[in-house]
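Peer 1: Here's my sequence, what's the structure:
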Amino acid sequence: MPSIVYILLLICLLVVLPSCSQRVDQPPYRNPDLAVEQRVQDLVSRMTLEEKVSQMVNAAAAIPRLGVPQYNWWNEALHGVARSGLATVFPQAIGLAATFDPEMMRQVAEVISTEARAKFHEYQRRDERRLYQGLTFWSPNINLFRDPRWGRGMETYGEDPFLTGRLAVSFITGMQGEDPRYLKTVATVKHFAVHSGPETSRHTFNAVISERDLWESYLPHFETSIREGKAYSVMCAYNRYQGEACCGSPLLLTKILREKWGFNGYVVSDCGAIGNSYRTHKLVATSAEASSLGIQSGCDLCCGQEYHSL
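Peer 2: Here you go, the predicted structure:
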């Protein structure tokens with residue numbers, strides 16, 4: 001399986017750098033005429049271990065000696081480009097879901113991704129690369145809304161796995177585009193898995209459900225998003241499932257997501273979720289152990305600083 005840093009830089013090249021043009025006497029990773037995989041492999045081979053780790057957190061640092069700019073992986077677009085100045089604001093996700101109209105959802109996401117690209121190009125022109133200025137969006141929220149007391153239920157597409165899956169595929173397609181070579185933006189399906197509140201105990205909660213409920217309720221829409229929607233990113237959840245931290249679960253992140261469904265993108269932790277493994281779930285004793293658990297289980301990118309402890 002390709003290294004984590006290889007996957008992250010591959011996504012960056014597919015999304016952020018398609019229009020770069022460089023001189024032919026520069027190293028292979030700066031040559032846009034070469035295959036993206038070849039460019040990424042060349043770049044990774046030139047990086048130190050510390051530089052590789054620096055790319056595995058949401059606020060990825062610049063590597064000046066290699067000409068790699070800083071990049072922040074965190075952006076939001078639940079029903080419009082969020083926290084990034086003026087943008088079109090569509091109805092909340094639960095309202096869009098009430099239309100039962102996948103084609104309309106695709107069109108909404110297409111508008112969002114077009115505005116996102118325009119904003120990104122302007123930020124690049126001004127050499128601004130901060131939080132909420134990138135092209136990797138942590139949307140849509142495809143958790144099931146089963147309990148009206150859950151404060152974030154309005155972010156979802158409701159309680160039905162089938163409808164959620166159909167709308168998620170449309171949203172992902174509109175966000176990522178259908179170009180065979182480049183991604184327009186990246187959509188991230190969240191929160192994987194068995195996460196539907198309660199909000200107050202999400203950092204300590206251990207979801208214990210039947211295997212039938214897992215496969216019939218909590219996983220079908222994620223599977224559809226990966227197999228059909230081709231989502232390039234998945235966010236793992238704060239909670240535990242059957243005793244394992246979702247961001248430290250070989251079952252969820254490797255056996256199901258990658259091996260069974262063929263996912264070839266990257267997994268990002270919810271913000272602070274890696275730290276939960278030792279702070280609240282008490283599964284390990286230190287930040288370094290929590291980071292090791294996350295990486296070995298299949299969490300490529302940490303929203304937070306824990307991976308710096310490695």
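
Peer 1: so after the least confident helix or strand in the chain by mean pLDDT, what's the next helix or strand?
Peer 2: Sorting the helices and strands of the chain by mean pLDDT, DSSP states H and E puts helix 4-15 at the bottom, at a mean of 70. Once the chain leaves helix 4-15, the next helix or strand it forms, by DSSP states H and E, is helix 36-45.

Peer 1: For that following helix, C-alpha coordinates in CSV please.
Peer 2: Only the C-alpha atoms of helix 36-45 are listed here, as CSV (Å, rounded to 0.1, in the frame of the first residue of the first chain):
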residue,chain,number,x,y,z
VAL,A,36,1.4,12.6,-11.0
GLU,A,37,2.4,9.3,-9.3
GLN,A,38,6.0,9.7,-10.6
ARG,A,39,6.2,13.3,-9.4
VAL,A,40,4.9,12.4,-6.0
GLN,A,41,7.3,9.5,-5.6
ASP,A,42,10.2,11.8,-6.5
LEU,A,43,9.1,14.4,-4.0
VAL,A,44,8.6,12.0,-1.2
SER,A,45,12.1,10.5,-1.8
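
Peer 1: mind listing what's buried in that helix?
Peer 2: Neighbour counts over helix 36-45 (16 or more other CB atoms under 10 Å) mark V36, R39, V40, Q41, L43, V44 as buried. All C-beta spots, glycine's among them, are computed from the backbone N, C-alpha and C.

Peer 1: Check which element follows that helix along the chain.
Peer 2: helix 49-54.

Peer 1: thinking R130 is in contact with N72, fair?
Peer 2: Yes - at 6.0 Å, R130 counts as touching N72 under the criterion of CB atoms under 8 Å.

Peer 1: More neighbours: those two, which one.
Peer 2: N72 (16 against 13; other CB atoms under 10 Å).

Peer 1: show me where the chain has strands.
Peer 2: Remark: strands assigned in the chain by DSSP state E are 59-60, 71-72, 136-137, 186-192, 206-207, 233-236, 240-241, 244-245, 266-269.

Peer 1: all helices for the stretch 101-250 of the chain, in order.
Peer 2: 102-125, 161-176, 211-213, 220-227, 250 (DSSP state H, counting those that start in this stretch).

Peer 1: can you put those in CSV and add distance to S201, mean pLDDT and mean neighbour count?
Peer 2: What follows is the helices of the stretch 101-250 of the chain, written out as CSV (distance: least, CB to CB, whole Å; pLDDT from 0 to 100; neighbours: other CB atoms under 10 Å):
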stretch, distance to S201, mean pLDDT, mean neighbour count
helix 102-125, 31, 98, 18
helix 161-176, 23, 99, 23
helix 211-213, 19, 97, 9
helix 220-227, 22, 99, 22
helix 250, 24, 98, 14
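
Peer 1: And the ones you listed: which comes nearest T280?
Peer 2: Ranking the helices of the stretch 101-250 of the chain by distance to T280, with CB to CB as the measure, places helix 250 first at 20.2 Å.
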